[in-house]
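**Student:** mind looking at a prediction? Sequence and model below.
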Amino acid sequence: MKKLLLALLLPGLAFCQMKTITATSNLVDIKDGDDFKKGQWSIMPDVNPDVFTTNNEKVTFITDKESVSVKLKAGEKYDFIVLLNGKEAHTRIERMPDYIDRLKKGSKYNTSDNRSVPAFTYQDMNDPNLVKLRKDYKLDSIAGQGNEVSKIINLMNWVHNTIRHDGSSNNPDGRNADNIIKVCKSEDRGVNCRMMATVLNECYLAMGFKSRYITCMPKDLKFDDCHVINIVYSNELNKWLWMDPTFDAYVMDEKGTLLSVEEVRERLVKNKPLILNPNANWNRRSSQTKDYYLDYYMAKNLYRIQAVAYSCYDSETENSTKEIAMIELLPLDGLNQSPQKKEIALGSGTRFIQYITNNSATFWAKP
């Protein structure tokens, strides 16, 4: 009776206090599902909360003194405190939402969809702007003397190492490779993934590769985050290849064959093996894992995919005479099936014409 009265008078006491475990070493072992990770987590009291993400149901944190085990459903999180030599480190274990399940529900397209959309076209490498870009930045030397795939990867590596990613930055007025690189250097700043993909796209075009930058979006029509990467066509492999300059990432199957975005999406849906290149990273500061990058982040963002119809230098720099056609590949489960064509006029005078297609064959057409 006293406990009940106390809980009514002081409601905060009716709730369990946050779990606390102690530690004298800042290194933690983690049992993540069936995977044991020895000393791969550092306790960081200055980060609040310090989040460990997982795809697994059960996770155990093991300090040199104590441990805590939790079972989580998809999308759930568990907060606790690690007391490191008397200093509190607010820690969170978070199980990622099952975006692959959502992707499976949006796996169907309609290759009979014959609604009119512009054909994808690509600027010739002899365009004066692309010639200048190739010469000014010595792209031939950067690409190297290896085979086609090595050149494609070398160019992506160079963009990743030349430009810092900053997702909160403002886009420069001149949205072309030369100006983006110069702005980043002169202002000592980064740019978002769209601008990084723009730079790589123009480098590929300047070297004679057919390429596009593609906007990868979730199912939701309103969202806080999406991602922009590149597809580049390999004549040697006779296919599009996934290249992501933000994370210096490409994707392979179990045999080491490089994959396209279409293939990665299909393999996520069918639970087929995917391998992320081992040096994938963010700003050369943190490594990327297949579990996070593909099963979570890109599974979320591969639901809807959009690309500019004409892939060219300076494609999105706004002016009063510019018209930009954008084509979105939408699964049959998508929310925004109509209107199939709409126009958006910006204050600068630039006109965006947006098209929708359910035809994956049209969107992934070979150049």
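**Tutor:** Received, thanks. Numbers count the residues shown, from 1 in each chain.
**Student:** on the three-state scheme, residue 64 is what?
**Tutor:** With DSSP: H, G, I helix; E, B strand; the rest coil as the basis, residue 64 sits in coil.
**Student:** where does the residue nearest the centre of the chain land on pLDDT?
**Tutor:** Residue closest to the mean C-alpha point of the chain, counted by Cα atoms, centre = their mean, is residue 227 at 4.5 Å. Confidence per residue is given as pLDDT, and for residue 227 that number is 98.
**Student:** what do you get for residue 7?
**Tutor:** The confidence metric pLDDT takes the value 40 at residue 7.
**Student:** go on, residue 320?
**Tutor:** Predicted confidence (pLDDT) at residue 320: the value is 83.
**Student:** with residue 74 instead?
**Tutor:** Taking residue 74 on its own, its pLDDT is 81.
**Student:** ditto for residue 171
**Tutor:** What the model reports as pLDDT for residue 171 is 93.
**Student:** list the contacts of the residue nearest to the centre of the chain.
**Tutor:** Shown in contact with residue 227 (Cβ atoms under 8 Å, 6 or more residues apart in numbering): 193, 215, 216, 244, 246, 297, 298, 301. (Each C-beta comes from the backbone N, C-alpha and C, glycine too.)
**Student:** now distance to residue 176 too, for these, in a markdown table please.
**Tutor:** Putting the contacts of residue 227 into a markdown table (distance: Cβ to Cβ, whole Å) gives the following:
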| residue | distance to residue 176 |
| --- | --- |
| 193 | 16 |
| 215 | 18 |
| 216 | 22 |
| 244 | 20 |
| 246 | 18 |
| 297 | 27 |
| 298 | 26 |
| 301 | 25 |
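**Student:** tell me what the residue nearest to the centre of the chain is bridged to.
**Tutor:** Listed beta-bridge partners, residue 227: residue 216 (assigned using DSSP bridges).
**Student:** the residue lying closest to residue 151 once chain neighbours are set aside: how many residues sit nearby?
**Tutor:** Closest residue to residue 151 apart from its sequence neighbours, by Cβ to Cβ, 6 or more residues apart in numbering: residue 143 at 3.9 Å. Neighbouring residues of residue 143 were enumerated by other Cβ atoms under 10 Å; the total is 23.
**Student:** now do the helices in the protein.
**Tutor:** With DSSP state H applied, the chain shows helices at 2-9, 99-105, 128-136, 139-143, 148-162, 177-186, 193-206, 261-269, 290-292, 299-301, 360-363, listed in chain order.
**Student:** who are the contact partners of residue 200?
**Tutor:** 155, 156, 159, 211, 213, 230, 243, 245.
**Student:** okay then, goodbye and thanks.
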